[in-house]
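> Below: sequence and its predicted model.
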Amino acid sequence: MLTSAVMFVAPLLLTVQAPEPGPTIRVTVDSSRKEVVVTAGPFTIAHMPANMDHGKMHGMAGTTTPLLRFEWPMEAWFRGFDIEVTDAKGGALGSQLVHHLNIMNFDRRQLLYPAVERMVAAGSETGNVSIPKTIGMPMEPGYRLAMYAAWNNLGDADIEGAWLTVRLAWSPKNLAPRPRTILPIYMDVNYNRVTDSYDLPAGRSSKSYEFTMPLTGRVLAIGGHVHDYAEFVSLEEVESGKTIIMLKVKTDPSGLLLNMPRKYYGVRGDGLKLTRGRKYRVRADYNNITGKMIPSGAMGLLAGAFAPDKLADWPVLNPENPDIEADIAMLEKIGKPSGEGEMDHEHMDHD
């Protein structure tokens with residue numbers, strides 16, 4: 001069996017070129033740091049008002065990147081990510097310019113929703129994510145991935161020539177002892193193919209979504225995503241009413257979002273058990289102190305690492321399923337103003 005050092009004697013370079021003036025996406029493998037580095041750009045990041053409707057962003061120039069397709073290059077265990085935004089000269093612009101970023105795996109299905117896997121779902125409050133080497137998400141060479149980012153430029157002017165870099169940490173396939181297999185779990189109070197945001201009424205409000213677990217497994221780590229004026233996101237057992245996950249949001253005195261905590265249930269134990277056939281409720285509570293309704297001003301989701309008891313029970317992706325087809329069609333439209341043509345398919349070069 002080849003070691004990772006032997007496998008990557010020379011850097012692996014994949015380049016995806018869209019027609020001018022579209023962005024370029026480049027994928028390199030840094031074997032010394034054990035990272036797959038995805039770099040895309042250049043982008044013009046449009047200035048936008050606060051509390052902009054993020055559903056409309058996906059069809060407006062300069063507010064969302066197009067869907068950027070690439071392939072995962074090797075067999076490995078995915079175990080974390082970091083996001084950087086730089087200017088044309090390489091100077092740091094700050095990851096807070098990314099309102100949210102998703103990376104999709106078109107070769108695996110989500111657990112709870114009939115949609116392709118969201119292997120990374122990060123918000124501006126997420127920060128870098130790194131999980132222990134004792135766990136990992138199995139990845140195969142040739143997995144068809146894609147990413148997009150929604151921008152959050154609240155400055156006074158557009159930003160020209162920006163570059164987005166996402167570093168995807170991995171462990172080698174032959175790591176011993178073998179890591180425990182995890183896959184992403186995604187729980188949203190307002191799951192929608194176009195946008196998960198919803199109107200935020202004045203004052204206190206609560207929104208929730210109930211689901212039945214299709215299999216048994218354990219949550220090892222969990223984070224979330226919300227907007228300003230959020231108080232918490234939680235997960236409850238419907239029958240008992242017991243709250244089993246509680247992420248309390250840190251805000252400033254005016255209610256603006258500062259931080260969203262993460263919890264790790266698998267560090268000193270087996271993790272938080274979710275049971276097949278049992279009903280659960282994901283819930284997001286807000287306190288909008290502005291006195292006015294904020295259009296598309298709220299989101300509420302939990303996303304994390306889930307270890308299924310039986311990997312074979314994971315739902316299989318059926319590309320001919322109408323819901324899956326609709327999900328992919330929606331993703332293809334992201335970042336394209338009305339009437340814009342499709343991006344060309346990627347081509348790959350190996351150095």
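Looks like it arrived, so ask away.
> only C-alpha atoms for contact and neighbour calcs from this point on.
Noted.
> ok, the one helix or strand Lys207 maps to: who's next to it in the sheet?
Assigned by DSSP states H and E, Lys207 belongs to strand 203-212. Strand 203-212 has its sheet partners listed here by DSSP bridges as strand 279-288 (antiparallel).
> hey, C-alpha coordinates of the partner strand in CSV?
Written as CSV, here are the backbone C-alpha positions of strand 279-288 (Å, rounded to 0.1, in the frame of the first residue of the first chain):
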residue,chain,number,x,y,z
LYS,A,279,-39.1,12.0,16.4
TYR,A,280,-36.9,15.1,16.9
ARG,A,281,-37.5,18.8,16.6
VAL,A,282,-34.9,21.4,15.6
ARG,A,283,-35.8,24.8,16.9
ALA,A,284,-34.5,28.4,16.5
ASP,A,285,-35.5,31.3,18.8
TYR,A,286,-35.0,35.0,18.1
ASN,A,287,-35.6,38.3,19.8
ASN,A,288,-35.9,41.0,17.1
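> So for the next helix or strand after that strand, what gets flagged as buried?
Sequence-wise, the next helix or strand downstream of strand 279-288 (DSSP H and E) is strand 294-298. By neighbour count, with 16 or more other C-alpha atoms under 10 Å as the criterion, the buried positions of strand 294-298 are 294, 296-298.
> With pLDDT and distance to Thr243 added, can I get the residues you listed in TSV?
Compiled in TSV, the buried residues of strand 294-298 are given as follows (pLDDT from 0 to 100; distance: C-alpha to C-alpha, whole Å):
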residue	pLDDT	distance to Thr243
Ile294	95	28
Ser296	89	27
Gly297	93	25
Ala298	95	21
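> With respect to Ser240, which of the residues you listed is nearest?
When those are compared for distance to Ser240, the smallest value, 27.4 Å, is given by Ala298; criterion: C-alpha to C-alpha.
> For that closest one, name its beta-bridge partners.
Beta bridges link Ala298 to Tyr198, judged by DSSP bridges.
> Could you list which residues are in contact with it?
Listed by C-alpha atoms under 8 Å, 6 or more residues apart in numbering, the contact set of Ala298 reads 197-200, 226-228, 230.
> 10 Å instead, please
Contact criterion C-alpha atoms under 10 Å, 6 or more residues apart in numbering gives 51, 53-54, 190, 196-201, 207, 225-230, 284-286, 288 as the residues in contact with Ala298.
> PyMOL command to pick out the buried ones of the residues you listed?
In PyMOL, the members of the contacts of Ala298 classed as buried (16+ other C-alpha under 10 Å) are selected with the following command:
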select buried, resi 53+54+190+196+197+198+200+201+207+225+226+227+228+229+230+284+285+286+288
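> Fine, thanks again, bye for now.
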